[in-house]
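Novice: The sequence and its predicted three-dimensional model are supplied below.
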Amino acid sequence: MKCEQYFHNCSKEYIDSIDAGLFTEIVEIVSRLPKRDKQAEINQDLFWLLTAKGWSYDTVPAGLPAVPRKGIDLEFFSLPDIKRASNRALCRTTTTIEATWHSDFGKEYIGQLVQVEAQFGKVESMFKDFCGFRIASCERRLALGIEIVLQEPAKYFSHRKNAVGGMAYF
């Protein structure tokens with residue numbers, strides 16, 4: 001998948017200050033995503049690719065296959081191993097208010113929390129993700145929030161345009 005970036009209140013230099021390999025890691029993961037027919041399949045691919053790089057997750061995507069689909073080349077590791085290694089607390093949006101929001105993925109880099117949201121749903125969900133990033137940032141917990149969306153969902157899912165009306169995009 002082609003990867004483009006937009007920086008809001010940060011820069012590549014800021015990302016590099018968190019970890020010199022973070023920017024490259026995210027770009028490589030997104031670039032490795034093969035073309036899929038459904039949003040759920042992209043979420044599943046991201047799950048495998050991010051957890052293989054040590055990212056913790058909030059929930060296992062619905063219908064996750066026992067092994068990555070064709071096009072996702074990873075050394076085999078099992079879902080039970082991934083579950084044991086995951087620290088869901090890294091995905092928590094807030095620790096100070098009574099909200100149960102979680103980002104999709106989280107990882108610490110020398111004490112600095114980075115969270116990732118993959119949004120292939122409605123635009124409203126994307127704005128909720130931004131609110132979660134903002135809350136965690138105001139609590140001084142989050143160093144960086146990364147939102148992954150499609151650039152042109154109607155073009156990407158041209159075979160099912162009616163199913164992508166209102167989908168988040170950039």
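Specialist: In hand now; what should we look at?

Novice: CA only for contacts and neighbour counts going forward, please
Specialist: Fine.

Novice: helices and strands around the lengthiest helix in the chain, which ones?
Specialist: In the chain, with assignment by DSSP state H, the single longest helix is helix 123-138. In terms of contacts (3 or more CA pairs under 8 Å, 6 or more residues apart in numbering; DSSP states H and E), helix 123-138 is packed against strand 142-148.

Novice: Show me what the strand it packs on pairs with in its sheet, parallel or antiparallel.
Specialist: Looking at strand 142-148 with DSSP bridges, its paired strands and their directions are strand 112-118 (parallel).

Novice: re earlier: between the longest helix of the chain and strand 112-118, how big is the angle?
Specialist: Computed by axes from the mean of the first three to the mean of the last three CA atoms, to 10 degrees, the angle separating helix 123-138 from strand 112-118 equals 180 degrees.

Novice: Which residues in helix 123-138 does the neighbour count mark as buried?
Specialist: Neighbour counts using 16 or more other CA atoms under 10 Å place 123, 126, 129, 132-137 of helix 123-138 among the buried residues.

Novice: Skipping adjacent residues, who's closest to F23 in space?
Specialist: Leaving out its chain neighbours, the residue that sits closest to F23 by CA to CA, 6 or more residues apart in numbering is I15, at 6.3 Å.

Novice: Adding distance to R92 and pLDDT, write the buried residues of helix 123-138 out as TSV.
Specialist: Converted to TSV, these look like this (distance: CA to CA, whole Å; pLDDT from 0 to 100):
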residue	distance to R92	pLDDT
V123	21	73
M126	16	79
D129	12	88
G132	9	92
F133	10	93
R134	12	93
I135	11	93
A136	8	93
S137	12	92
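
Novice: Now do the helices in the protein.
Specialist: Listed from the start of the chain, the chain has helices (DSSP H) covering 12-18, 22-31, 39-52, 79-85, 123-138, 153-156.

Novice: Can you say which of those is packed in most?
Specialist: Each of these was assessed for mean neighbour count using mean count of other CA atoms under 10 Å. The highest is helix 39-52, with a mean of 20.

Novice: which helices and strands sit right next to it?
Specialist: Of the remaining helices and strands, those touching helix 39-52 by 3+ CA pairs under 8 Å, 6+ apart are helix 22-31.
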